[in-house]
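Chemist: Need the 3D shape of this:
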Amino acid sequence: MWKRITRKRLQANAVGNAPLTADEIARAASVLFAVFARYGDSVITFKLLRAFVRAYPDKKYLLVTSPQALPYARAILPEAIECVGFDKHRDVFGLWRLTRRIRRAPFDLGFNPWSHGQESEYFISFARRFHPYGAFAEYPRTHNLYDRARAYLGLPEKPAALTGKIPPQPKRILISPFSTDVRKSLNTDDLKKLVAWLGKRYGNATLALALFPEEDAKVGDLPLARFHFGKSRKRSRAFLELVKGSDLFVGVDAGPLHLADALGVPSIGIFGPTAPETILDRDSGIVPLRLNAMQGWFCDIRDCADPLCLHRLFAGTLLPPAPVDFTRSPTLEIEVCRAKF
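Modeler: Residues are numbered from 1 along each chain as shown. Down below sits the predicted model:
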């Protein structure tokens, strides 16, 4: 369905589809955002939309996003952005209602940062001027995630100054040890070592895990409280409150880590194959941990099912913060496991 109706919309409003200049953005009175992206990409986008509103506080804003992402959007974004949840799979009436609204009162500009799906292109195509994110620019894998969307939105590049600090005595620590990408996830042994390290360093803290129900088997016999993710607005709200109530968040390179950072929760980021320079915002509050042998590399070996870079990281007794150099892009590696050296 989306393919057919989006193609018609883009054809009907082809004159409005073109790169947007800084002057056009500054002069616009209203802006429509459509964000139907993966978890982490959505959170990255919401943080940058917050910066967009701060740069242009006098515009009218509307964000259309998924019901699952809606609680996160409302927690991160200022009240100046009206947030609407839309179920792209089931809500036919909602589609009609939103289409009717944005057709009757068109927005000046339309953006869909980090949203490559056709449903986001459909909505922004009703703006007088729009430029789909997928047609914006092609970036290498090693280009910073925040900088890509920042350039698309016409926001200036930020100076690099990581601000992360680990609290001395957190009482509630939330751990998110798994990603949908096995290369970025801890295994049972790694998780046990992480929990032991946290327990030794913060003896009086309460530790809890956040994971999907099917990941329970990876936890082993660790006697920790568990929060189960779910693809619903209710579960998103519950996780949001759990993160807000934590004194320290510890997570692998995945969406929950970006969420904790966007909410200002002190965080430790665990990086295996992916380089922090490509993942973190330039003023991130995340303290990154990474194996020294991986510094300067972005590993993209697709068939890696057993990330040695993570195993070796937790084999040590000390986990010092990893240096992050935003002045140069890490080298892409697709053949050799650098963790072996």
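Chemist: domains for this protein, by residue range?
Modeler: 2-152, 172-340 (automatic domain parsing).
Chemist: With mean neighbour count, mean pLDDT and distance to residue 162 added, can I get the ones you listed in TSV?
Modeler: Backbone N, C-alpha and C define where each C-beta goes, glycine included. TSV is the format used below for the domains of the chain (neighbours: other Cβ atoms under 10 Å; pLDDT from 0 to 100; distance: least, Cβ to Cβ, whole Å):
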stretch	mean neighbour count	mean pLDDT	distance to residue 162
domain 2-152	18	92	13
domain 172-340	18	94	6
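Chemist: Which of those domains sits closest to residue 160?
Modeler: For the domains of the chain, proximity to residue 160 was assessed by Cβ to Cβ; domain 172-340 is nearest, at 3.8 Å.
Chemist: mind listing the helices for this protein?
Modeler: Along the chain, counting by DSSP state H, helices occupy 2-12, 22-27, 39-55, 70-76, 92-104, 118-124, 145-152, 188-201, 233-244, 255-262, 276-279, 308-315.
Chemist: Can you lay out those as a markdown table showing distance to residue 160?
Modeler: Shown next, in a markdown table, are these (distance: least, Cβ to Cβ, whole Å):
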| stretch | distance to residue 160 |
| --- | --- |
| helix 2-12 | 37 |
| helix 22-27 | 22 |
| helix 39-55 | 16 |
| helix 70-76 | 22 |
| helix 92-104 | 38 |
| helix 118-124 | 30 |
| helix 145-152 | 11 |
| helix 188-201 | 28 |
| helix 233-244 | 25 |
| helix 255-262 | 15 |
| helix 276-279 | 9 |
| helix 308-315 | 23 |
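Chemist: can you tell which of those helices is closest to residue 213?
Modeler: The closest of the helices of the chain to residue 213 is helix 233-244. By Cβ to Cβ, the value is 10.9 Å.
Chemist: who does the nearest residue to residue 31 once chain neighbours are set aside bridge with?
Modeler: In this structure, residue 31 finds its nearest non-sequential neighbour in residue 109, 4.8 Å apart by Cβ to Cβ, 6 or more residues apart in numbering. Beta bridges link residue 109 to residue 31, residue 129, judged by DSSP bridges.
Chemist: Distance check, residue 109 against residue 34.
Modeler: According to Cβ to Cβ, to the nearest Å, residue 109 and residue 34 sit 12 Å apart.
Chemist: go on, residue 276?
Modeler: To residue 34, residue 276 is 29 Å away according to Cβ to Cβ.
Chemist: And residue 306, by the same measure?
Modeler: Here the distance between residue 306 and residue 34 works out to 38 Å (Cβ to Cβ).
Chemist: got it, and residue 147?
Modeler: For residue 147, the distance to residue 34 - Cβ to Cβ - is 21 Å.
Chemist: And residue 24, by the same measure?
Modeler: Separation of residue 24 from residue 34 (Cβ to Cβ): 18 Å.
Chemist: re the thing from before, relative to residue 293, which of the helices of the chain is closest?
Modeler: The closest of the helices of the chain to residue 293 is helix 308-315. By Cβ to Cβ, the value is 7.5 Å.
Chemist: what angle separates the closest one from helix 188-201?
Modeler: On the basis of axes from the mean of the first three to the mean of the last three Cα atoms, to 10 degrees, helix 308-315 is oriented at 30 degrees to helix 188-201.
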